[in-house]
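>>> What shape does this take:
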Amino acid sequence: MDSVQPRIRPFDDRDAEAVVDLSLRAWAPVFASLERVLGSEIFRRLHPDWREDQRRAVKDVCASQKGRVWVAEVGASVVGFVSVGVYDPERSMGEISMLAVDPDHHGGGIGTALTGFALDRLKEVGMKVAMVETGGDPGHAAARRTYEKAGYVLLPIARYFKNL
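Residues are numbered from 1 along each chain as shown. I've put the predicted structure just below:
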């Protein structure tokens, strides 16, 4: 897909449905990847209804992070969103807490634009370090590429799961 410069603007409550919808579509392959990596039994225990959990998480972030959530538009369509916040004020560390891009716009530079925009917002409020977390499984490969392209340094962390 060709790169397109989106218009990035503050989230409005009227954006909620579009943001939830694009997020669920964007994260469907991620959760499919997690199920392959973890196995169905562990996955279902951790995520019995991932769509409802993610729907709630996105709505909660959009409601609780007023003024710190932005949407990306191409034409009149919302094609992505990002939420940022102060993670550790004593260390001047901020974070991108949530980011999703409509699958129809993957590879078009929307994630890169949202990441850059978020980093600029963190700098504006005095943050000196930015953090973002994502998965190490194949489903999160595009997210890792976006963050690495933005200059993030990967700190590998091992998290293990076992059925009991």
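
>>> what's in contact with the helix or strand hosting Val84?
For Val84, the element it lies in under DSSP states H and E is strand 77-88. With CB atoms under 8 Å, 6 or more residues apart in numbering as the test, strand 77-88 has contacts from 6, 11, 15, 18-19, 22-23, 61-62, 65, 68-73, 93-102, 104-105, 110-111, 114-115, 117-118, 121-122, 125, 127, 131. The C-beta positions use only the backbone N, C-alpha and C, and glycine is treated the same way.

>>> what pairs with the closest residue to Val129 other than its chain neighbours across the strands?
Computed as CB to CB, 6 or more residues apart in numbering, the closest residue to Val129 that is not its neighbour in sequence is Met93, at 4.4 Å. Beta-bridge pairing for Met93 (DSSP bridges): Asp88, Val129.

>>> residues near Met93, how many?
By the criterion of other CB atoms under 10 Å, Met93 has 15 neighbours.

>>> Please apply the same query to the one 3 residues further on.
Ile96 has 24 neighbours, counted by other CB under 10 Å.

>>> average model confidence for the helix or strand hosting it?
Assigned by DSSP H and E, Ile96 belongs to strand 93-101. For strand 93-101, the mean pLDDT works out to 96.

>>> Kind regards, and thank you for your time.
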